[in-house]
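Engineer: Here is the input, now give the coordinates:
(one chain, ligands or ions: 1)
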Amino acid sequence: MPTESTFFLAGLFLLLAAAGWALGRFGERDYDEAAAPPPNIDYLKGLNFLLNEQTDQALEHFLKMVRVDDRTIETHFALGSLFRRRGEIDRAIRIHQNIIARPDLASEQRDQALFSLAKDYLRAGLLDRAEKLFVKLSQGSRYQVEALEQLCRIYEQEHEWQKAIDAGQKLEVLSGRSLELEIAHYYCELAEQAAANKDYSAARAFVKKAQSGRPRTHRGALTRAEIARDTDDTKTALRLYHRIIDENTYLMTEALPQLVRTYSKEGATDQLERSLEAALKKNPDLKTDIAYSAIVNNIGGVKVIDDCVEEYLLHEPTLAEFVDMQIIGAEDSAERSAALARVRSALCKIAQSTPRYQCKECGFSSQRLLWQCPSCKDWETQRPFSRVQFDSLLQRSHSAA
Ligand SMILES: [Zn+2]
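Structural biologist: Take a look at the predicted model:
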């Protein structure tokens, strides 16, 4: 099946044939390559490769035949980017290397060719080679800004966070755009790496840097709380987890289980009861978030949390399809608490097998909270679902019916 690039190459050969014919006809051809066969044979040979669907040979033939000069350079660039777009990366690389090999190339065209070649390498997954070229271009070319943007992406992919910070800071200066959110996350990544290596003082210093940016990332408080928890600094850990819940941030689903665990360890769940009651008084909307968080994390045994869960279950319309709401709604009976426990445990199972977070930019969903969306690559765009996703349960029950 002929591809778009085959047609493009065929078009080029036809153009060259026409040009060659005209030059030959009017005797303007420069015969410095006297040994070369007459042009028409060259073009026919190239076309023959294409007709036999031998695109690689046709391309090699084209490259040998047409040296890069000022008149043909744009054609070479167009062909290179066409091949890359079509995923024919080896061919794109061949074209761009061919341009760079031209000895008297103007510096602007060399940069353009290097930038194109770097994009080919990136597309081929050859990150080291792409990085080298982007670093070169970031040090003074008209592709500086794009090169730094690509470098940030590469360093994110390779978890080279310090290099990502350096590239991000240069990019801020050159583009005039704020990258404080991204840079704050890079520092949080460094903090988490340091904490994993038990270098807690370095970890705290990195969080401090992350927290100095505007807009502030909510992740900083959570990372700092985790460091405090791991170093048995319970007071700081509790203060930070409380702050996350009081500020009603989307990190409630991460902070609540930690809070319950820490208070239980300290034997002080009554304190947790009191502080959650106070938070709910201030902001009754927290009820749904607390209930959802308790269900998906299978947290029970704290009265104020259990009350939130119960209220949530009684007001969840989808549940009526599966549960006898009269039993759940009945007053004080053993049957009622058993029914509630069954529903709660079933919901927990559903929640654990369905996505809990979704990217607000592109809709990508995942079980675990991901700070950088794997799909759109934006930072801190994931939000928890506020209700258990019943889709799979509904599908199952409908297919069984
Ligand atoms: Zn996304």
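
Engineer: Report the secondary structure state of the residue of the stretch 201-350 of the chain found nearest the ion.
Structural biologist: Residue nearest to the ion within the stretch 201-350 of the chain: residue 250 (14.8 Å; Cβ to the ion). To be clear about C-beta, it is placed using only N, CA and C from the backbone, and glycine gets the same treatment. Here residue 250 is coil, with the state taken from DSSP: H, G, I helix; E, B strand; the rest coil.

Engineer: Check whether it really touches residue 380, as I assumed.
Structural biologist: No - contact between residue 250 and residue 380 fails when scored by Cβ atoms under 8 Å: they sit 9.3 Å apart.

Engineer: what's the pLDDT at the residue of the stretch 201-350 of the chain closest to the ion?
Structural biologist: For residue 250, the model assigns a pLDDT of 83.

Engineer: okay, now it: neighbour count?
Structural biologist: 17 (other Cβ atoms under 10 Å).

Engineer: circling back: can you list residues touching both of residue 250 and residue 380?
Structural biologist: Common neighbours of residue 250 and residue 380 (criterion: Cβ atoms under 8 Å, 6 or more residues apart in numbering): residue 218.

Engineer: Please give me every residue in contact with the residue of the stretch 201-350 of the chain closest to the ion.
Structural biologist: Going by Cβ under 8 Å, 6+ apart, residue 250 touches 218, 383, 384.

Engineer: now do residue 344
Structural biologist: Contacts of residue 344 (Cβ under 8 Å, 6+ apart): 295, 300, 309, 313.

Engineer: try residue 118
Structural biologist: 129, 130, 133, 134, 137, 147, 150.

Engineer: where does the residue nearest in space to the middle of the chain land in three-state SS?
Structural biologist: In the chain, the centroid-proximal residue (Cα atoms, centre = their mean) is residue 377; its distance is 2.4 Å. Three-state call for residue 377 (three-state DSSP): coil.

Engineer: Identify the residue nearest it in space, chain neighbours excluded?
Structural biologist: Take residue 377 and drop its neighbours on the chain: the residue closest to it by Cβ to Cβ, 6 or more residues apart in numbering is residue 153, 7.0 Å away.

Engineer: which secondary structure element contains that neighbour?
Structural biologist: helix 144-158 (DSSP states H and E).

Engineer: Identify each buried residue in that helix, please.
Structural biologist: 144-156 (16 or more other Cβ atoms under 10 Å).

Engineer: One more: stretch 107-127?
Structural biologist: Buried-residue list, stretch 107-127, by 16+ other Cβ under 10 Å: 109, 111-122, 124, 127.

Engineer: quick check, nearest of those residues to the ion?
Structural biologist: For those, the minimum distance to the ion (Cβ to the ion) is 19.9 Å, reached by residue 122.

Engineer: The ion next: which of the buried residues of stretch 107-127 are close?
Structural biologist: By Cβ under 5 Å from the ion, no member of the buried residues of stretch 107-127 lies near the ion.
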